[in-house]
Structure formats: structure tokens, C-alpha cells
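Asks: Give me coordinates for this.
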Amino acid sequence: MKKLNWTKYRVHAVTSAELLAKTDFFARAAELAATGCVAINLRAHGLSGSKIYETALRLREMTRRVGAFLVVNDRIDVALAAGADGVHLGARSIPLARAVELCRSRGLGVGYSCHDLGQAEAAARAGADYLYLGTVFHSAGKPGTVPCGTAILAEVCRGVPVPVFGIGGIDPGNIRQIAEAGASGAAVITAAWEALDFVGNVRLMGAAFD
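Replies: Down below sits the predicted model:
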């Protein structure tokens, strides 16, 4: 099975259960997917499997129409059932090597969240197709987390053979630092979903990696 090019989309627009509840969510998702630089990461902690599946099906329809990637956070079953391009896992998920074994034969890519070089190296050895590294900057979503900074991001980018995406507090004002650290892109929430000019935001961020 041919692997997907995970550097094709430089911005991963990560959702939350709160964002999914907004009346304009799907309209915004369609605009983001149509930019040509955004992959959608469906993260919906706290919602039922059936609700996540219904949301994934709607997102799959719109992302397939424009050729954008759809990733489902943590739920391998939903990712497979909805025909997503990938599943994104973390330390609380099932063991990564087992997930890769299950997903690879079914054509599903696997991403993994890590926080330092040791975790990143282990994830790459286990077969992750790409990584999120963070929290890079101060993030309103994780107020008690100490940022790792771009030096750690650069160390990880140099140290592993798979694409690395910075995550945490990233916006158009600091995206150049993420690119200069050697990252393949950035995973964002606020800058993609809640900004007034959210389409302009993601285009600026995507262009930083050109």
C-alpha cells in the first residue's frame, strides 16, 4: 500500500467537541479544506462514538471532494469505518506498534503526539508516519503546560526520519519560527477555527513552509 505524502498539507486544523457544536462548523471546515493547504484532524473528546462517526462521514465527504486529508483522533474504529486517511494517537491510546500493525494493512496512516526527542524516536521506530511535537508555545488550551520551545522542535526534526508538525500556541505571528526549526507544518486549533480571517490565517501559515 502506497504511503500518503504527509507533507502535502502544511496545516492540520484540529477540532474540539466545543467547535463541533458550533452552527457554522461544517461551513468553516469546507472553507479550510478547500484552501489546498489544510488537513482536518477530527478530535472530539467526550462525544459518543456514533456522534464522532456521523461527523467523520460529513467531513470525509467534503474533504474527498477537494482532495484534502481527513485524520480521526484516537478512534481507529471510526477512522476505518469513515474511510479516513489517517488516525492520530498519543500516549493514552493503544500501543503504537500494535496500532500501526492494525492500520497499515488497511491503508490507514498513523500519526503520534510526542513531547521530546526520546518519545519521537520511539514513535518513529514503531512506525508512525508523522508526529506532532509540542506544546511549542504557550497555549490557552493547555494553560498549565510549560512550552518546550523551538529548540526542542528543531532537535526532534533533525533526529527522526518522519515529518514533524509543531503544535501549541502557533499562529501567523510565530509560524516562521516553526518552519525555521525544520518542521513540516503545524497543527493548530484557534488560528484555524476561531480567527476572524481563518482562511487567510491558514494560507499565511501554509506559505511559511514553501
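Asks: quick one, helices of this structure?
Replies: 17-20, 25-33, 49-66, 76-82, 96-104, 117-126, 149-159, 175-180, 190-193, 198-207 (DSSP state H).
Asks: can you give me the angle the last one makes with helix 25-33?
Replies: Yep, that's helix 198-207 we're talking about. Orientation check (axes from the mean of the first three to the mean of the last three CA atoms, to 10 degrees): helix 198-207 against helix 25-33 gives 30 degrees.
Asks: what do you get for the longest one?
Replies: Helix 49-66 and helix 25-33 meet at an angle of 40 degrees, taking the same axes, to 10 degrees as the criterion.
Asks: How far off centre is helix 49-66?
Replies: From the chain centre to the centre of helix 49-66 is a distance of 16 Å (CA atoms, centre = their mean, to the nearest Å).
Asks: Show me what that helix is in contact with.
Replies: Contacts to helix 49-66, defined as CB atoms under 8 Å, 6 or more residues apart in numbering, come from residues 20, 26, 29-30, 33-34, 36, 40, 42, 44, 47, 69-70, 72, 75, 77-79, 81-84. (Each C-beta comes from the backbone N, C-alpha and C, glycine too.)
Asks: for residue 205, what are its contacts?
Replies: 10, 11, 37, 170, 171, 172, 175, 186, 188, 191.
Asks: Can you get me a residue count around the residue lying closest to the fourth one once chain neighbours are set aside?
Replies: Going back to what we said before, that points to residue 170. Excluding its sequence neighbours, the residue lying closest to residue 170 (CB to CB, 6 or more residues apart in numbering) is residue 186, at 4.5 Å. Around residue 186 there are 28 other residues, counting by other CB atoms under 10 Å.
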